[in-house]
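Student: From the sequence below, what's the structure:
(one chain, ligands or ions: 1)
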Amino acid sequence: MLGIGAAAAAATSKLLTPASGSTPNYMALYHLNRAPLQPSKFLRLPPGSAKAHGWLAHQLQLQVDGLAGRMSEISDYLDYDNCGWIDPSKNAWEELPYWLRGFGDLGYVTGDKRVLDLSEKWIDGIIDAQQPDGWFGPNAVRTALDGGPDMWPHMLVLNTLQSYYDYSEDDRVLPFMVKYFQYVDKQPDTQFSKGWGSTRWADNLDALLWLYNRTGENFLLTLATRIHKSAANWIDGVPTWHNVNISQGFREGAQYSVISGDPAHLAAATHAYDTVMSKYGQFAGGGFAGDENCREGYVDARQGFETCGWVEFMRSFEILTRIGGDPIWADRCEEIAFNSLPAAFDPEQKGLHYITSANCVDIDNRVKSHHQFDNNFAMQAFMPGIHNYRCCPHNYGIGWPNYVEEMWLATPDRGVCASMYGAGEVTARVADGQTVKIVQQTNYPFDDTIRLFISIDQPTAFPLHLRIPGWCHGASVKVNGKQVDIHAASGRYAILNRTWTGGDRVELYLPMTTTVRRWPSNGNSASIDHGPLTYSLMIDEKWTQSGGSKTWPEYTVAADSPWNYALDNVDPRHIQVHRKRGQLPPNPFTLSTAPIELRTKARRVDTWTVDDEKVISPVPASPVLSTEPVEEIILIPMAAAHLRVTSFPVASPQS
Ligand SMILES: [Zn+2]
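Tutor: Sure thing, here's the model as predicted:
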């Protein structure tokens, strides 16, 4: 068995040292899809290849010191000695797998020894508890669905092991997974259409293809096809309206297209996404109105999106970026990462809430009894929420570590791709196996310039792919201070094909402009973007510790300033941008540290109120009558506002 300390060393040497005396086989290095699979456009680098700097590193550190990093102190689902994933006679289900999946990757991207050691302890215990027939985990789950196995929580464990293996190359992992899938292969087709797993088998398709690329075991592909044909049908429509099922399930067709080669299967993911978003995603932030299930008629910006939904949507977008290479998925992943994910936590990441809404002017811990939201439990206060929010606190930790891991991708043409942006660095293999290190210096998304510093031992030709976001027009690139002529169309990749030398510098300029989006199906409301960030009304927030402990506080948040404004003018030229001077704060996602403000004119709308349970009413249809005086309002990045109005009505002084 390989300890994680040794695993870390192995991973480092794997990344940094070309095999001596031979040309490394690029296919073996990054596991290109084996025949007969279709090639993917990009390849995931081993976890640990990319590190974060700046505010992104600070978010990871908050996670290490906060809820995800210390959850084993407070979650009885993570009691090692009483957990069915370690002792099959005990009970357990999805909570430990959810947590361990994000916790493991948190260790790989931060190198935090405590996190690495604890995740190794759990992984060792899970591997050691595999039974002779391949089953692992709680025995009770073997017969949980009509006498057959519930294989849903195992999907999470397998994804955990994929990352662990790519980081450590621990040789126990592949046989463990093959043996488990031999068990799955013995199940009747009908078992794949039962339980939560029925709409979430995309998670297992990922594991099956990953394992096939590393073992060549043919039965994995026939099993994947059986699952695809037996489980929920994501090809012809949307088979569930549950927000998390959608967020992780909608991509299934695209994953299956790697086996089938059918472009219609690849397109099915886009169709499913468009079907959901065109009806329920009619506001900014990247989510949709799914405060458990989508409900007919509940599409306003006040509806919430589950924290599990944020991280699962991001993960799906990352997988789709790699499979089909359409940069729109990376755009969408950034949209959630920068505008919604940090809004789901308190600023110290000691707690989170179950749902986050684009419009929300009060966060309390009371049940809403008028069916404002689909769920009938209190979902808004910030707290660890181990039992009442249950899935979200255990699951949220995958968000930032996966983001950092997927910022850089390997490319089949033996280069690297900057797929999503943020301060950090990456070490990757290029060309015939040469090691390149690229440091990314930027305050993105709060600034429009990204500088890349390249270190490589000898001059080496390889392509550097740069994603040009769909919102960006007029991107430009300099290499070593000289403008280069590239096709930097928005929503495409600019590819720099050249021989790179240590010390080379690339400067990517992604000009950000202010734009206004209108949402016709939500009363023609308006939201304001500047570059990749959406902006919300700055509302004074009154935070009250409503429970919990000093270490694990629970908070409610009340509005301490007016919020019911309609925009007086939606011409972007009348919206001013103010950048705060000086260094970017470690956590830019708070009211007081938000590094950019927008200022514009608005009028109060007295008829726009909260209901008797402090839930904001739907946005009034625009134009809305207001004869109130024109005032200047301040807007801040959406995720820095824990109370926010993001979808505004537009005012008219005349009826
Ligand atoms: Zn959840």
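
Student: In contact with Thr160: list those residues for me.
Tutor: Each residue near Thr160 by C-beta atoms under 8 Å, 6 or more residues apart in numbering is listed here: Pro97, Leu100, Arg101, Gly104, Ile123. C-betas here are computed from N, CA, C, even on glycine.

Student: Would you mind measuring from the residue of the stretch 501-650 of the chain found nearest the ion to Ile363?
Tutor: Closest to the ion within the stretch 501-650 of the chain is Glu554: 17.4 Å, counting by C-beta to the ion. Going from Glu554 to Ile363 by C-beta to C-beta, to the nearest Å gives 11 Å.

Student: follow-up on the earlier one: wait, isn't the residue of the stretch 501-650 of the chain closest to the ion in contact with Gly548?
Tutor: Yes: counting by C-beta atoms under 8 Å, Glu554 does reach Gly548; the two are 3.8 Å apart.

Student: Need the overlap of contacts for the two.
Tutor: Gly351, Met383, Pro384.

Student: of those residues, list those near the ion.
Tutor: Filtering the shared contacts of Glu554 and Gly548 for neighbours of the ion using C-beta under 5 Å from the ion leaves an empty set.

Student: now the residues you listed as CSV including secondary structure, neighbour count and pLDDT?
Tutor: CSV is the format used below for those (DSSP: H, G, I helix; E, B strand; the rest coil; neighbours: other C-beta atoms under 10 Å; pLDDT from 0 to 100):
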residue, secondary structure, neighbour count, pLDDT
Gly351, coil, 22, 98
Met383, strand, 26, 98
Pro384, coil, 24, 98
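
Student: what's the closest of the contacts of Thr160 to Gln282?
Tutor: Gln282 has its nearest neighbour among those in Arg101, at 31.1 Å by C-beta to C-beta.

Student: Now that closest one: closest residue in space that isn't a chain neighbour?
Tutor: Thr160 (4.4 Å; C-beta to C-beta, 6 or more residues apart in numbering).

Student: Output the host helix or strand of that neighbour as CSV, nothing but the C-alphas.
Tutor: Taking DSSP states H and E as the definition, Thr160 sits inside helix 152-168. Listed next in CSV are the C-alpha coordinates belonging to helix 152-168 (Å, rounded to 0.1, in the frame of the first residue of the first chain):
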residue,chain,number,x,y,z
TRP,A,152,-26.2,5.6,-6.1
PRO,A,153,-23.8,6.4,-3.2
HIS,A,154,-21.2,4.1,-4.7
MET,A,155,-21.0,6.4,-7.7
LEU,A,156,-19.6,9.1,-5.5
VAL,A,157,-17.1,6.8,-3.9
LEU,A,158,-15.9,5.7,-7.4
ASN,A,159,-15.4,9.4,-8.4
THR,A,160,-13.4,9.8,-5.2
LEU,A,161,-11.2,6.9,-6.1
GLN,A,162,-10.7,8.2,-9.7
SER,A,163,-9.2,11.4,-8.3
TYR,A,164,-7.2,9.5,-5.7
TYR,A,165,-5.7,7.2,-8.3
ASP,A,166,-4.8,9.9,-10.7
TYR,A,167,-3.1,11.7,-7.8
SER,A,168,-1.4,8.7,-6.2
